[in-house]
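In: Pasted the sequence and its predicted model underneath.
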2 protein chains.
Amino acid sequence: MAMHQKESHNHFKSAVTVDNVIFGFDGKALKVLLIYRGAEPYKDRWALPGDFVPLDENLNQSAIHVLRSLTGLDNIYMEQVHAFGDVNRHPFGRVFTIAYYALIKVEDYQVQASSWAEEAAWFPINEIPELPFDHMEILEFAKQQLRNKIRTQPIGFELLPKHFTLTQIQELYEAVLEREFDTRNFRKKLLSMNLISETGYRQTDVSHRPAMLYKYDTKRYNRFLERGFSFDI
Amino acid sequence: MAMHQKESHNHFKSAVTVDNVIFGFDGKALKVLLIYRGAEPYKDRWALPGDFVPLDENLNQSAIHVLRSLTGLDNIYMEQVHAFGDVNRHPFGRVFTIAYYALIKVEDYQVQASSWAEEAAWFPINEIPELPFDHMEILEFAKQQLRNKIRTQPIGFELLPKHFTLTQIQELYEAVLEREFDTRNFRKKLLSMNLISETGYRQTDVSHRPAMLYKYDTKRYNRFLERGFSFDI
DNA sequence: AAGCATATTGTAAATGATACAACAATTTCC
DNA sequence: GGAAATTGTTGTATCATTTACAATATGCTT
């Protein structure tokens, strides 16, 4: 990173954006929130939500900002995925992008007006339209990282309502990991981790035996972390 | 990432650098290659090797370039770690950095003259001097990522000579993961993966029973990968 | 030849993963 | 009101993996 002061001005000619892969789960499929671009380049195309990082804003803050301006949501689980910086990835010049993914509870979500999105919509992870820039590659990276992470950290709860059934969480894992789990074994393992507890409430408005509602118990998770605990499903 | 053409010029005022955490293993400790900075800012300080990303060079290529210009080495295992972009991380302006780590065989290494490094030296991972910028944080990220990766992918071999003993590889894992392994169990597990094979040669110049030399068998690894294999130590 | 240093190897016990199906609770339909 | 339909809930036996643990082998040095 060394440089001579004289040379250094040549370097300050890049732009940096953040792009967010916003995941949601509707009880059936894993979905991604895309925006319909209202400005060039690639106007009128579905794309990942993102924006330039202002010179006076920290990178992470910028990612949070994009998420909030689109969804109105705060305090969301986000994680950086990868930086992409091929020379010609953006038609307007040298634009690096840092990709993040976010996990949101779709029930909490409502689209906000935004300067760069005319519209936003959820797309099932297996029915994504053609995306501009290198957004398809970014999405692949994010999906893979989500899969790795969800197997070793209890982040799946971020995609579920506060109160959820054991069937719901199993279906979430099956959707994300694209494999099936044996119900008895899945529940045995999940419950043995002592990370979720019964709420005492049950499902209502279902035309069959109502399932017990559970909640994720953050305190217990923190206690486990201190003891060097590792989550693995 | 949308923008109006008129606004866009405001955004092209950032610089982007790559910083490399170059790991080596000398048979005893995990080490990191630092350079002694020959230019401002932070002249005459030990720091991670890095450089600005030229406008006409891909990001990944730039990381490879930094590594080669410092070590003369090519075809090295490298992986992106994380992007860092706090507003004030660099005194000369808004400079984002993308961190990479590399694994090299110290036997192959020889320092090259470089425009930005007066000197380079290996530092044991537990005896790192105070580093400028956010390099300490970058190093922590890289170390953590190396640990995660080395447990699930057979990348440890990148740090060893082509021919190595089972004791050497065990000591490498112990150094990186900062824990001890039971020799019998470690060997049993490693050999059961069928990723290394005997060379037929033995150690020489040791004043005790010479150990069998093994080599990493890439072909076998690739066959395993195709079948959906997972390495785990 | 004895001593030193590291290399090499097996077994038993405990733990964790997998395979597998019957009964329970509620609603709906007749 | 009872039968059918639908999903929820739970246990056990087998198999595979991980762990704990120490004696013998080989080459070198003196």
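Out: Okay, I see it. Numbering: from 1, shown residues only, chains lettered A, B, ... in the order given.
In: Can you give me the neighbour number for A:Asn148?
Out: When neighbours are defined as other Cβ atoms under 10 Å in any protein chain shown, A:Asn148 has 12 of them. For every residue, glycine as well, the C-beta is placed using N, CA and C.
In: for A:Gly200, that is, sorry about that
Out: Look at A:Gly200: counted by other Cβ under 10 Å, it has 8 neighbours.
In: And for the one 10 residues further on?
Out: Around A:Pro210 there are 13 other residues, counting by other Cβ under 10 Å.
In: Quickly note the distance from the nearest residue in space to it that is not next to it in sequence to A:Lys105.
Out: Excluding the flanking residues, the one nearest A:Pro210 by Cβ to Cβ, 6 or more residues apart in numbering or on different chains is A:Gln203, at 3.8 Å. As defined by Cβ to Cβ, to the nearest Å, A:Gln203 lies at a distance of 17 Å from A:Lys105.
In: for A:Leu190, same thing?
Out: Distance of A:Leu190 to A:Lys105, computed by Cβ to Cβ: 19 Å.
In: Please say which of the two ends up with more neighbours.
Out: Between A:Leu190 and A:Lys105, counted using other Cβ under 10 Å, the more crowded position is A:Leu190 (21 against 17).
In: Would you mind pulling the contact partners of the top helix by length along chain A?
Out: Longest helix of chain A, by residue count under DSSP state H: helix A:135-152. Contacts of helix A:135-152 with the rest of the structure, by Cβ atoms under 8 Å, 6 or more residues apart in numbering or on different chains, involve A:19, A:21, A:23, A:32, A:47-48, A:79, A:81-82, A:84, A:97, A:99, A:101, A:103, A:125, A:128, A:130-131, A:155-156, A:173, A:176-177, A:230-233.
In: buried set for that helix?
Out: Under the neighbour-count criterion of 16 or more other Cβ atoms under 10 Å in any protein chain shown, helix A:135-152 has A:His135, A:Ile138, A:Leu139, A:Phe141, A:Ala142, A:Lys143, A:Gln145, A:Leu146, A:Lys149, A:Ile150 buried.
In: That helix near DNA strand C anywhere?
Out: No: Helix A:135-152 does not reach DNA strand C (Cβ under 7 Å from any atom of the strand); its nearest approach is 11.0 Å.
In: again with stretch A:188-201
Out: Yes: for stretch A:188-201, a contact with DNA strand C is found by Cβ under 7 Å from any atom of the strand, at A:Lys188, A:Lys189.
In: again, but for stretch A:204-213
Out: Yes: using Cβ under 7 Å from any atom of the strand, stretch A:204-213 reaches DNA strand C at A:Val206, A:Ser207, A:His208, A:Arg209, A:Pro210.
In: least trustworthy helix or strand in chain A by mean pLDDT?
Out: helix A:5-8 (a mean of 52; mean pLDDT, DSSP states H and E).
In: Tell me the secondary structure at the residue of chain A found nearest DNA strand C.
Out: Nearest residue of chain A to DNA strand C, counting by Cβ to the nearest atom of the strand: A:Arg209, 3.0 Å away. Secondary structure, DSSP: H, G, I helix; E, B strand; the rest coil: A:Arg209 is coil.
In: Can you check what pLDDT the model gives it?
Out: The model reports A:Arg209 with a pLDDT of 94.
In: show me what contacts A:Leu213?
Out: For A:Leu213, the contacting residues are A:His163, A:Phe164, A:Thr165, A:Glu198, A:Thr199, A:Tyr201, A:Arg202, A:Gln203, by Cβ under 8 Å, 6+ apart.
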